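Enquirer: Predicted model and sequence follow; I will ask about them next.
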Amino acid sequence: MILACFAAMLIPTLFGDQPIYDVLRERLVPRRAIAAGETD
């Protein structure tokens, strides 16, 4: 289990990507705004 956590942190770091939770949060926020009827 510890190895899986380490790999989940290591892979994005090596590739220079954002952690998965940050990416998912960014994708979720615009969808919530659309669902709430907020438009720009």
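Expert: Cool, the structure landed.
Enquirer: Please count neighbours and contacts with C-alpha atoms only from this point.
Expert: Noted.
Enquirer: tell me, how many neighbours does Cys37 end up with?
Expert: In this structure residue 37 is Gly, not Cys. Gly37 has 9 neighbours, counted by other CA atoms under 10 Å.
Enquirer: so is it in a helix, a strand, or just coil?
Expert: Using DSSP: H, G, I helix; E, B strand; the rest coil, the three-state assignment for Gly37 comes out as coil.
Enquirer: Give me the distance between it and Leu14.
Expert: Using CA to CA, to the nearest Å, one gets 39 Å for the distance from Gly37 to Leu14.
Enquirer: repeat for Ile20
Expert: 14 Å.
Enquirer: So for those two, which sits in the more crowded spot?
Expert: Ile20 (12 against 8).
Enquirer: Could you report the pLDDT at the residue nearest to the spatial centre of the chain?
Expert: Centroid check for the chain by CA atoms, centre = their mean gives Val23 as the closest residue, at 2.2 Å. Note for Val23: predicted pLDDT of 83.
Enquirer: buried ones in the strand or helix carrying it?
Expert: In the assignment (DSSP states H and E), Val23 maps to helix 20-35. Along helix 20-35, no position meets the burial threshold by neighbour count (16 or more other CA atoms under 10 Å).
Enquirer: Please state the offset of it from the chain centre?
Expert: Remark: helix 20-35 is offset 8 Å from the chain centroid, using CA atoms, centre = their mean, to the nearest Å.
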